Each structure stands twice: as C-alpha cells, then as structure tokens.
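Student: coords please:
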Amino acid sequence: MDGILQYLQHHGQRLDSEIAAAMGMEIEKVRVAISDLSADGDVLVCRSIQFKEGKPVEAMLCRVSGYIPPASPGRKPKQ
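Tutor: Just a heads-up that it's a prediction; the model follows:
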C-alpha cells in the first residue's frame, strides 16, 4: 500500500489500471489496496466510466488526499 501512495504522490492523479500497469500488480490487488487507503483517508477515489471503442469501462480515479503539488516554475500573475 505504501508503494501505491508513493506512486500517486510522485505521478499525481491516476486510474487504477495505470497504477496496476506501472507497478506490475494485478488490478484486483490494486483496487483492494486503494479501497483500504481510501478508508484510512489517505487517498481520494472517484468512480469513473470511460468508453473505449463504444464499450463502457469502469475505473477508479485516485489521488492523494490533501496533497498540493508545488507551483510550476515561471512567471506568476500579479495580484
């Protein structure tokens, strides 16, 4: 589970299938780990339905809870 949390912190918001492919895990194990992390409040999960070739594919969109990525470099607008 810590590996998934670290992966999300480094790569940002990802689908469960992307996490499984990147970490070399089975999708069911990733979904169980994400559910546990969500129950602990470490990860926010949104159920998503995407259409690929006209067929609906259910997925879990995940991101780290309360994590704000650092600002991108460059000029900032004046306030």
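Student: do a quick rundown of the strands in the chain.
Tutor: Using DSSP state E, the strands of the chain run over 14-15, 43-52, 55-64.
Student: which one of those lies nearest to residue 8?
Tutor: For residue 8, the closest of the strands of the chain is strand 55-64, at 4.9 Å, according to CB to CB. To be clear about C-beta, it is placed using only N, CA and C from the backbone, and glycine gets the same treatment.
Student: flag every buried residue along the closest one.
Tutor: The neighbour-count check on strand 55-64 (16 or more other CB atoms under 10 Å) flags 59-60, 62-64 as buried.
Student: coming back round to it: can I get the strands of the chain in CSV including distance to residue 74?
Tutor: As requested, those are exported to CSV (distance: least, CB to CB, whole Å):
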stretch, distance to residue 74
strand 14-15, 25
strand 43-52, 28
strand 55-64, 23
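Student: residues contacting the residue nearest to residue 11 when sequence neighbours are not counted?
Tutor: Distances taken as CB to CB, 6 or more residues apart in numbering place residue 22 nearest to residue 11, at 7.7 Å, with adjacent residues excluded. Neighbouring residues of residue 22 by CB atoms under 8 Å, 6 or more residues apart in numbering: 7, 11, 14.
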